[in-house]
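# whatever this is, show me its structure:
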Amino acid sequence: MPEIPDSSYQNPAAGKPSEEAATDAPSPLEALQKTSEAVNERVTGLADSLTTWIDAQPWIPDGLVRPVHFVLLLLAVAFASWLLFKVARPLVLRVGKRIAEKSPTRADEFLFGHGVFRWLTHVLPALLIYTVTPGFFASVPWLARILKTGSLLYLLLAAYMVVDSLVNAITTDLQRTRLAQRMNLGALAQVIKLVTALVVFILAIALVIGKSPMVLLGGLSVFASVLMLVFKDVILGFVAGIQLSTNRLLSPGDWLEMPSHYADGDVMEIGLTTVKVRNWDKTITTIPTYALISEPFKNWRGMIESGGRRIKRSLTIDTNSIRLCDADMLARFHRIEHLADYLREREKEIAEWNEAHGIREDSPKINGRRLTNIGTFRAYVSAYLRTHPGIHQDMTLLVRQLAPEGRGLPIEIYCFSADRAWANYETIQADIFDHLYAVIPEFGLRVFQEPTGLDFRRLADSPDPADGEADSTTRPAPTERPDGSSDSAGPER
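Numbering: from 1, shown residues only. Below is the predicted model:
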C-alpha cells in the first residue's frame, strides 16, 4: 500500500511557476503597446463595418462611396473628440479642484485662476485623434499622416499652454514671499516661457518636415549669427536680469532714480528686455534691462531698510553779523535750556586756557579765547536736534560750516529723520528749519539773502549822508574856454 505523503512537505520546485509568472509579467510600456494595438484593432473593425454598411446602401452612387466614407470617418473622429472634451473637462476640473483644495497652500486659487486644468483637458482630444487615426484611415496613408501630424501639433500647443499657465501660477504665488525680493521672478518666468516656446517650435517644425529635431538643431547653427542679431535685446536683458538678481541690485518695489532715462519712482516690473518704473508724477518709464548694468542708477532701498531718511540742508548766515559774545549775550544765552551744559563746559575750558596763557579777563576780547555767537548757535542747533523726537538718534548727526562762496557762511545740518514716509519726512524737515530761522535773531545773527526790489527801493529813498548841507539845486561855476566862451552856454542854434 503506498504511503500517503506528508501534507507539510513542500516541493522546492513548487515556487517556480510563480517566479516564472512574475518574470513573464509585461512592463508598463509593453502593456501600453498592447492596449494601443487592441484599440487599433477595434477601430479598424469599426471602420470596416462602416465601409460595409456604406457599400450596402443602394442610394449611394458607386463613385461617391469612397468620399462619403472619408467624410463620415472625419465627422466621427471630430464628434468623438468634441464629446470627449465636453465629458472630460468637468471631470478633470472637479478632480483637480479636489486635489488643490487638500493642499495647505493657495494652489487651487492660482492653478484655476490661470487655467492650468482648463488647458490640460485639451490633451485628451489630441490623444484620441492620434490613437484612432491609424485604424480609421489605414487605406489612406497621406490623410492618416496629416491627421497624426495635426494631432501632435495640437498636443504640443496644449502642452505649451499648460506649461505657460503653470509658470504664471507659480510666479504669482511666489510674489508674496521673500524670494520675490531677492530674485527677479518675472524675468525668470519669461526665460522659461521663451525656452519652452523654442523647444515647441523646433519640435513642431521637425514634425511638419518629418525630420529629427537633432538634425534641425544642427541646421540652426548656420543661422546662429542671425538669431543673435534678432534676439540681441533678449540675450542682453537675460544676462542683465541674472546679474541684477544675483547681486540684488534691483527688485520690484524698489525706489529707482535714473535721470538719464527720466526715471524716478517705484519699480513695477523687471522684464526680460525692459524695466517698468512708475514715476512720482504717475507717469510710466520703461528702461532697457541691460542699461541698468551699463549705466549708473540710484536705488533707495538702502534708505528704506536703514530706518532713517537723510536731511541735508544749509542755513546761510550773513558774515557781517558774526561777532564775539559779550557779557549781555552770555547772560541771555544762559537762560536757554539747550545751551546750559554747553556754556558751563566751554566757559570753564576757556577760563582755564586763558589763565594758563596769562590772559586777564579785562584784556581786549581779541586776546585769548572767546565764545562767538555763530559757534554758540551751532551748539544750540546740535543740542536741539539731539532732543528732537523726529530725528534718528542712532545715525549720523552733525552741524558744520561749509566754505563761504560770497553769499554768506553756510551752516549745514546733516542728520536722519526717524520717519521715512515722504510727507512725514518733509514735515519734520520743515518744522526744524522753521524753528531755526525764527531763533537766529536771538543770537545776534542775520540770514543772508540776495537783495530784492524792495531793498533797492529802500536804498533809493534813504538820504545820502555824504551830501551834508549841500544844495542839490546849485550848479558848479562855469569854466572859461581858451576862445573866451563858457561851458555853461547852451548849444549853438
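
# list the helices and strands the top helix by length along the chain packs on?
In the chain, with assignment by DSSP state H, the single longest helix is helix 65-101. Judged by 3 or more Cβ pairs under 8 Å, 6 or more residues apart in numbering; DSSP states H and E, helix 65-101 is in contact with helix 28-55, helix 107-113, helix 116-120, helix 123-136. Every C-beta, even on glycine, is put in place using the N, C-alpha and C of the backbone.

# out of everything not next to it in sequence, what's closest to the most centrally placed residue in the chain?
Taking Cα atoms, centre = their mean as the criterion, P252 is the residue nearest the geometric centre of the chain, at 2.4 Å. In space, not counting the residues next to it along the chain, P252 is nearest to V267; the distance is 5.3 Å by Cβ to Cβ, 6 or more residues apart in numbering.

# buried residues of the helix or strand hosting the one you found, list them for me.
Here V267 is covered by strand 263-270, with elements defined by DSSP states H and E. Of all the residues in strand 263-270, those buried under the rule 16 or more other Cβ atoms under 10 Å are A263, D264, G265, V267, M268, I270.

# can you list contacts of that strand?
Residues outside strand 263-270 that contact it (Cβ atoms under 8 Å, 6 or more residues apart in numbering) are 184, 186-187, 241, 244, 250-258, 275-280, 284-285, 287, 289, 297.

# average pLDDT for stretch 166-175?
Stretch 166-175 comes out with an average pLDDT of 79.

# likewise for stretch 295-315?
Averaged across stretch 295-315, pLDDT comes to 90.

# leaving out chain neighbours, which residue sits closest to C415?
C415 sits nearest to L397 (Cβ to Cβ, 6+ apart), 4.4 Å away.

# quick one: the one you found from I391, how far?
Using Cβ to Cβ, to the nearest Å, L397 is found at 7 Å from I391.

# more crowded one of those two?
I391 (21 against 17; other Cβ atoms under 10 Å).

# quick check, that one in contact with Y414.
No. Applying Cβ atoms under 8 Å, one finds I391 not in contact with Y414, separated by 11.1 Å.

# between these two, which contacts overlap?
The contact lists of I391 and Y414 share L397, where a contact means Cβ under 8 Å, 6+ apart.

# domain parsing for this protein?
Structurally, the chain divides into domains by automatic domain parsing as follows: 29-174, 208-306, 309-443.

# okay if I get those domains as TSV plus distance to L454?
Shown next, in TSV, are the domains of the chain (distance: least, Cβ to Cβ, whole Å):
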stretch	distance to L454
domain 29-174	62
domain 208-306	35
domain 309-443	17
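
# what's the average pLDDT for the helix or strand hosting I413?
Assessed by DSSP H and E, I413 sits inside strand 409-417. The pLDDT scores in strand 409-417 average 95.

# could you export it as CSV, keeping only the C-alpha atoms?
Output in CSV follows, covering the C-alpha atoms of strand 409-417 (Å, rounded to 0.1, in the frame of the first residue of the first chain):
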residue,chain,number,x,y,z
LEU,A,409,28.5,131.5,5.7
PRO,A,410,26.6,128.2,5.1
ILE,A,411,25.7,126.2,8.3
GLU,A,412,24.8,122.7,7.1
ILE,A,413,22.6,120.4,9.1
TYR,A,414,23.2,116.7,8.4
CYS,A,415,21.0,114.2,10.2
PHE,A,416,18.4,111.5,9.5
SER,A,417,14.7,111.6,10.2
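
# tell me where the chain is predicted with low confidence.
Applying pLDDT under 70 to the chain flags residues 1-69, 99-114, 135-136, 138-139, 178-184, 187, 218-227, 463-493.

# coming back round to it: shared neighbours of L397 and I391, anything?
Contact criterion Cβ under 8 Å, 6+ apart; residues shared by L397 and I391: L385, C415, F416.

# Serialize the residues you listed to JSON lines and add fields for neighbour count and distance to V116.
Shown next, in JSON lines, are those (neighbours: other Cβ atoms under 10 Å; distance: Cβ to Cβ, whole Å):
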{"residue": "L385", "neighbour count": "21", "distance to V116": "57"}
{"residue": "C415", "neighbour count": "27", "distance to V116": "53"}
{"residue": "F416", "neighbour count": "21", "distance to V116": "48"}
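
# out of these, which is nearest to R378?
Using Cβ to Cβ, L385 is the member of these that lies nearest R378, at 11.0 Å.

# residues contacting that closest one?
Listed by Cβ under 8 Å, 6+ apart, the contact partners of L385 are I391, L397, V399, I413, C415, I432.

# switch the cut-off to 6 Å
By Cβ atoms under 6 Å, 6 or more residues apart in numbering, the residues touching L385 are I391, L397, C415.

# may I have the phi/psi pair for it?
Backbone geometry at L385, expressed as degrees, to the nearest 10, gives phi -70, psi -30.

# and it, how close does it get to M161?
Separation of L385 from M161 (Cβ to Cβ) stands at 61 Å.

# now stretch 361-368, how far from the centre of its chain.
Chain-centre distance of stretch 361-368: 64 Å, with Cα atoms, centre = their mean, to the nearest Å.

# endpoints of that stretch, how far apart?
Stretch 361-368 has its terminal residues 9 Å apart, counting by Cα to Cα, to the nearest Å.

# show me where the stretch 151-300 of the chain has strands.
With DSSP state E, counting those that start in this stretch as the criterion, the stretch 151-300 of the chain has strands at 255-258, 263-270, 274-279, 284-288, 298-299.

# buried ones in the first one?
Within strand 255-258, the residues that qualify as buried by neighbour count (16+ other Cβ under 10 Å) are W255, L256, M258.

# and which of those is nearest to P134?
Using Cβ to Cβ, L256 comes nearest to P134 of the buried residues of strand 255-258, at 58.7 Å.

# what about that closest one, distance to I270?
Taking Cβ to Cβ, one finds L256 at 10 Å from I270.

# what's the neighbour count on Y425?
19.

# swap in the one 10 residues further on?
The burial count assigned to H435 is 13, neighbours taken as other Cβ under 10 Å.

# excluding sequence neighbours, find me the nearest residue to it.
Distances taken as Cβ to Cβ, 6+ apart put Y384 closest to H435, at 7.3 Å, once the chain neighbours are dropped.

# correct me, but A383 touches H338?
Yes. If you go by Cβ atoms under 6 Å, A383 and H338 touch, sitting 3.9 Å apart.

# mutual contacts of those two, please.
Common contacts of A383 and H338 (Cβ under 6 Å, 6+ apart): none found.

# correct me, but F117 touches R94?
No. Judged on Cβ under 6 Å, F117 makes no contact with R94 at a distance of 9.4 Å.

# higher neighbour count, the two?
F117 (21 against 11).

# now for the nearest residue to that one once chain neighbours are set aside, how many residues are close by?
Leaving out its chain neighbours, the residue that sits closest to F117 by Cβ to Cβ, 6+ apart is G96, at 4.1 Å. Using other Cβ under 10 Å, G96 is surrounded by 19 other residues.
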